[in-house]
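No sequence on hand, only this structure:
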């Protein structure tokens, strides 16, 4: 049996009671931090569940070797956020089906639902896109196309930031400025959603750059706000500026 278990948004304490019960009876437990970053570590997870946990690198994770292992053992794969938030993980389910291996998904909190804490309506978000680090001979701009498409439909864009290594909001803002954004453009910066130190700020880029943000972080390029959204995010920002 293979269990795909969501760790949640912030740290190991987001694991559900159901998840803990399953983890304590599994033969092998793996965790990947490749697809997202969390304020936790293998050691903290081990301390919580009282079991050994093995961290998978990108190549190990993408090899799906743990699927074959699940033919004869109870195997758990811990995944940041919700197990199916990243499209990467659907290949694991397909692999299980192709090999006749039973699997179970244990869901957890995800940025796709928690983003409503900003005051923006979940129903007004368009396609999600990611901002990768520019590298030599690799400077993708496809995320700009997604942002533009969403704007035409008056939809917000959730911009996920690169995790290898973790990209900060400030790094992302500087990249957007280089790509034609204006320092007076108002964006929403979020960090540690679901955690005690979460911060939500709706400010012009030039003002956001004055703040230090902690991981994990994301940006939202908002569409036109309705009056409820505008009132909510303005008041939420005012509260967060006082923290």
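Now that the structure is in, tell me what you want to look at. None of the values given here were measured: they were computed from a predicted structure.

What is the neighbour count of residue 194?
18 (other C-beta atoms under 10 Å). Where C-beta positions appear, they are placed from N, C-alpha and C, glycine not excepted.

and if you look at residue 165?
10.

Let me see the contact set for it.
If a contact means C-beta atoms under 8 Å, 6 or more residues apart in numbering, then residue 165 has residue 133 as its contacts.

For residue 217, see how far away it is.
Residue 165 is 13 Å from residue 217, where distance means C-beta to C-beta, to the nearest Å.

Residue 100 too?
When residue 100 is compared with residue 217 (using C-beta to C-beta), they lie 41 Å apart.

Just list whatever residues bridge to residue 156.
Note on residue 156: beta-bridge partners residue 125, judged by DSSP bridges.

try residue 218
residue 160, residue 190.

Run the chain-centre distance for the longest helix anywhere in the chain.
The longest helix of the chain (DSSP state H) is helix 227-241. Here helix 227-241 is found 23 Å from its chain centre; the criterion is C-alpha atoms, centre = their mean, to the nearest Å.

go on, stretch 197-210?
On C-alpha atoms, centre = their mean, the centre of stretch 197-210 falls 19 Å from that of its chain.

What average pLDDT does it get?
Stretch 197-210 shows a mean pLDDT of 95.

Tell me the span between the first and last residue of that stretch.
18 Å (C-alpha to C-alpha, to the nearest Å).

Please point out which parts of that stretch sit buried.
198-203, 205, 207-208 (16 or more other C-beta atoms under 10 Å).

cool, stretch 118-128 as well?
Quick answer for stretch 118-128 (16+ other C-beta under 10 Å): 118-120, 124-126, 128.
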